[in-house]
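**Q** With the sequence up front, the predicted model follows.
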There are 2 protein chains.
Amino acid sequence: MSVQVLSIKDGHAATAGSVGLPSADLSCLFSRQALERFEPGEAIFWEGDEATHIFEVEDGMLRALRLLGDGRRIIVGFLRTGDLLGVSLKERYLYTVEAISPVQLRRFPRRRFEDEVARDPRLQEQLFSKLRDEMTAAQDQAVLLSRRSAEEKLANFLLLMKERGNSEHRAIVDLPMTRLDIANYLGMTIETVSRTITKLANGGIIAAAGRRSIKVLKMEPLRLLAEGDEGEHWMPPLARPGRYASANA
Amino acid sequence: MSVQVLSIKDGHAATAGSVGLPSADLSCLFSRQALERFEPGEAIFWEGDEATHIFEVEDGMLRALRLLGDGRRIIVGFLRTGDLLGVSLKERYLYTVEAISPVQLRRFPRRRFEDEVARDPRLQEQLFSKLRDEMTAAQDQAVLLSRRSAEEKLANFLLLMKERGNSEHRAIVDLPMTRLDIANYLGMTIETVSRTITKLANGGIIAAAGRRSIKVLKMEPLRLLAEGDEGEHWMPPLARPGRYASANA
DNA sequence: CGAATTATTGAGGACCGTCAAAGTAGGTGG
DNA sequence: CCACCTACTTTGACGGTCCTCAATAATTCG
């Protein structure tokens, strides 16, 4: 396919593949880096710090957050095993990242990362793919936030966490983050998060299994709630209120 | 610093620097393409369409929107002169784009675009930069949507539109989009948008100059509103309610 | 086991969404 | 050129949802 290229940098000769595949995978860049551990609550970096490194999450869950002028806290995303951290940045990190559960990750200098990527079309392709995923996630959050009711938001959140959960076959959704994290991700208060969970539990749609995990009992009603098809299929047979937005063209 | 590398790919030799500037600018790719015109309301492409082209906006304003299952309309962004359209995509467009004002743009086949970019490190750099900008915009919208009050959201929106406005020196903010567009961008209703504008006007912070433009009279109060420092500096001297979110680490 | 943190539940009220109607452009045809 | 029609915007009244404040309950960790 493509001719192998010997890349030379700062006097160091770095083979870009030699015998087997070049650097078949972005992860290969990280695989030789030391494994670092972070305890829950610890920060990996802060919003505004100079963006010197890219990270790959080996294990655990993290939260990315921004602090507003008045002290309000906004969670812009949750990171899990396999996620790359810091690829979408210019000179400075634009959010703080903290460990939620015990975390293991590997770091790679941003400069070298960019050099390596610029050098290998396969890595380029993978990086673009990651960036597009991140874009999609950011837009999905925007869509999520513009959902109207608390129920709708939470239903969507649960489905999101379920899809990305490792135990794919089970109906158990892991929620390592606190209620405050959820609230700050969905743009509501912890009280409303709590009340909405209770409400869904009373409706028989979910069941709280411990505080940090939830079991989905009825998948379809949850999906319908998430799509905005409120009521109609579960507990209180409320009259369906009118529609929200109208098309205009 | 680092040794120049001649990269060879698929038998094509691409100079990474050579004499002059290769294709100095991403825009150069588009400059030879035919200029296309769209009238207000016309769609450039639809969500779900196969993503065959990349576009560069020459003139005018567009909206990018997604339709939810229940017919709700969500505006995920506004595009202006100079913006690239479709770079963050995989196989399919993930939103519909429609002209708001009369629009002129140029299109470029996505395949060729990607080839060209893969070939020239300078274009790569520029593309990454564009992608990062788009990322930042998406995240900023998420932050905007998680703002609490309508006033806060609208103040932020006005400042956003002002910054990106062409008449940088004036206090006039152009709003070519309808109230419905604004509402669907901020996650509220047209009535609330309208009421909030009236409220700001009554407070002497802005003045409506025609239907589609607004004059900012007092910059500082607007900034404070945008930051969540509500009241305190303008009309009704309300008691400041308690804080919303608390830190937790 | 006790202290601190996190989660749940309750009561009250503000804000914004809903429904409804009037007002304003803007455009087309008589 | 004005009348009329349509689309958009503004304003009003009302009710529901969710935020605020507050107290209690459940967990975690020393």
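**A** Thanks, I have the structure now.

**Q** which one is the residue nearest to the spatial centre of chain A nearest to, not counting chain neighbours?
**A** With distances taken as CA atoms, centre = their mean, residue A:78 lies nearest the centre of chain A, 3.6 Å away. Among residues not flanking residue A:78 along the chain, residue A:63 sits closest, at 5.7 Å (CB to CB, 6 or more residues apart in numbering or on different chains). In this view, the C-beta of every residue, glycine as well, is placed from N, C-alpha and C.

**Q** check which helix or strand covers that neighbour.
**A** Using DSSP states H and E, residue A:63 sits in strand A:62-67.

**Q** Partner strands of that strand, with direction?
**A** Applying DSSP bridges, strand A:62-67 is found paired with strand A:73-79 (antiparallel), strand A:96-99 (antiparallel).

**Q** Of all those strands, which one comes closest to residue B:140?
**A** Closest approach to residue B:140 among the strands paired with strand A:62-67 (CB to CB): strand A:73-79, 10.0 Å.

**Q** The closest residue to residue A:158 other than its chain neighbours sits in which helix or strand?
**A** Distances taken as CB to CB, 6+ apart place residue A:173 nearest to residue A:158, at 5.7 Å, with adjacent residues excluded. Element membership of residue A:173, judged by DSSP H and E, is strand A:172-174.

**Q** which residues sit against that strand?
**A** A:158, A:161-162, A:165-167, A:209, A:212-216 (CB atoms under 8 Å, 6 or more residues apart in numbering or on different chains).

**Q** Reformat those into a markdown table and put pLDDT, secondary structure and neighbour count next to each item.
**A** A markdown table is the format used below for the contacts of strand A:172-174 (pLDDT from 0 to 100; DSSP: H, G, I helix; E, B strand; the rest coil; neighbours: other CB atoms under 10 Å in any protein chain shown):
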| residue | pLDDT | secondary structure | neighbour count |
| --- | --- | --- | --- |
| A:158 | 96 | helix | 22 |
| A:161 | 94 | helix | 19 |
| A:162 | 92 | helix | 19 |
| A:165 | 75 | coil | 15 |
| A:166 | 68 | coil | 8 |
| A:167 | 62 | coil | 11 |
| A:209 | 86 | coil | 13 |
| A:212 | 92 | coil | 13 |
| A:213 | 92 | strand | 15 |
| A:214 | 93 | strand | 22 |
| A:215 | 93 | strand | 14 |
| A:216 | 94 | strand | 19 |
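
**Q** Tell me where chain A has helices.
**A** For chain A, the helices defined by DSSP state H occupy A:26-31, A:110-119, A:121-145, A:150-164, A:179-186, A:190-202, A:219-227.

**Q** Need the winner for burial among the ones you listed.
**A** helix A:179-186 (a mean of 22; mean count of other CB atoms under 10 Å in any protein chain shown).

**Q** How much space separates the residue nearest to residue A:36 when sequence neighbours are not counted from DNA strand C?
**A** Nearest residue to residue A:36, sequence neighbours excluded (CB to CB, 6+ apart): residue A:105, at 5.7 Å. Per CB to the nearest atom of the strand, to the nearest Å, residue A:105 is found 22 Å from DNA strand C.

**Q** who does residue A:105 bridge with?
**A** Counting by DSSP bridges, residue A:105 is bridged to residue A:36, residue A:57.

**Q** Torsion angles phi and psi at residue A:51?
**A** Main-chain dihedrals, residue A:51, degrees, to the nearest 10: phi -80, psi 90.

**Q** residues in contact with it?
**A** Applying CB under 8 Å, 6+ apart, the residues contacting residue A:51 are A:86, A:89-93, A:110.

**Q** Please repeat the previous calculation with a cut-off of 10 Å.
**A** A:45, A:86-94, A:110 (CB atoms under 10 Å, 6 or more residues apart in numbering or on different chains).

**Q** repeat for residue A:195
**A** Contacts of residue A:195 by CB under 10 Å, 6+ apart are A:150, A:154, A:188-189.
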